[in-house]
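Visitor: have a look at this prediction, sequence included:
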Amino acid sequence: MTRPAKPREQKATPTPRPARGAAPDDSARPDRKAAILLAAEKLFAQRGYHAVSIRQIADEAGVPLALVGYHYGPKQELFHAIFEHWRATIDERLALLAQARQGPHGQAQLERVISAFVEPVMRMRASAEGEYYALLVARELSFRSPEASRVLEDYFDPMAHAFIDALQEACPGSTRPMAAWAYQFTLGALLHHMSDGRVQRLSRGSNAPLDPAAMTHLVRFASAGVAALLRGPSPPS
């Protein structure tokens, strides 16, 4: 009698090992990636770029340390990613600027140009979603660190040139160097307003920081200042 053949042993299929440098299985969850970006935005706004470590960002986001680098790379790339995420705000300002330049010329056009520059940012600053980003812009872009300089050149300088062109167009006879000064002074007023809440104390409680009515006040103030600078008599040489 022939013996029944022994069943061949099945070799266990080894569990595939993740590639070196691969992220955990749940790393692709969009909420974790978004949490990292929001944590970086918040900490950079509160403490400054150079005072924040990747570990602190991971702790704030509640994710493993390696996940920050997996999604965004080095810290300077994460910093840059914040501004890429908010690129739509710049696009909105440029779209409003294009509309402002199509209307009647004169003081009304100048006010439309200033409004296109100011109002989207102030609405964002007053929102829960944009609070930290607005503070980050006001804080980091006031200092010419290499990281901030790269962001300025990539995102803000092209927009600045467009607004300078529009200011010069709205004030016939003005020069580009003076229009650049007008842009710089308007930017300074906007950045200060976004980051400073002292107006409540200075007004003895009458004015609230981020009051929506301040948008109209700032537009009128900046428009009058730009008009005085670009349409008034040239300063003595």
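Guide: Received, thanks.
Visitor: distance check, the residue nearest to the spatial centre of the chain against E153.
Guide: What sits nearest the mean C-alpha location of the chain, by CA atoms, centre = their mean, is F83, with 4.6 Å. Separation of F83 from E153 (CB to CB, to the nearest Å): 11 Å. Glycine gets a C-beta too; all of them are placed from N, C-alpha and C.
Visitor: repeat for G130
Guide: G130 is 23 Å from E153, by CB to CB.
Visitor: does R204 belong to a helix, a strand or coil?
Guide: Following DSSP: H, G, I helix; E, B strand; the rest coil, the label given to R204 is coil.
Visitor: and it, how many neighbours?
Guide: When neighbours are defined as other CB atoms under 10 Å, R204 has 7 of them.
Visitor: got it, and D211?
Guide: D211: 13 neighbours (other CB under 10 Å).
Visitor: and it, its phi and psi?
Guide: phi -60, psi 130 (degrees, to the nearest 10).
Visitor: that older thread, which of G130 and E153 has more neighbours?
Guide: G130 (19 against 10).
Visitor: check what pLDDT the more buried one gets.
Guide: G130 is assigned a pLDDT of 87 by the prediction.
Visitor: go on, I164?
Guide: 98.
Visitor: that one reaches M178, doesn't it?
Guide: No. Contact between I164 and M178 fails when scored by CB atoms under 8 Å: they sit 9.9 Å apart.
Visitor: which element is R201 on?
Guide: R201 is located in helix 199-202, with elements delineated by DSSP states H and E.
Visitor: only C-alpha atoms, please: export that helix in CSV.
Guide: Output of helix 199-202 as CSV, limited to C-alpha atoms (Å, rounded to 0.1, in the frame of the first residue of the first chain):
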residue,chain,number,x,y,z
VAL,A,199,-6.3,101.3,20.2
GLN,A,200,-8.8,100.1,22.9
ARG,A,201,-6.6,101.5,25.6
LEU,A,202,-5.7,104.7,23.7
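Visitor: what pLDDT, on average, does it get?
Guide: On average, helix 199-202 scores 93.
Visitor: again with stretch 55-68
Guide: Stretch 55-68 carries an average pLDDT of 96.
Visitor: so how far is it from its chain's centroid?
Guide: 21 Å (CA atoms, centre = their mean, to the nearest Å).
Visitor: same check, this time on stretch 163-178
Guide: The answer for stretch 163-178 is 26 Å, by CA atoms, centre = their mean.
Visitor: contacts for the strand or helix carrying K33?
Guide: Taking DSSP H and E as the criterion, the element that holds K33 is helix 30-47. Outside helix 30-47, the residues that touch it by CB atoms under 8 Å, 6 or more residues apart in numbering are 26, 52, 56-58, 60-63, 67-68, 71-72, 78-79, 81-82, 85, 132-133, 135-136, 139-140.
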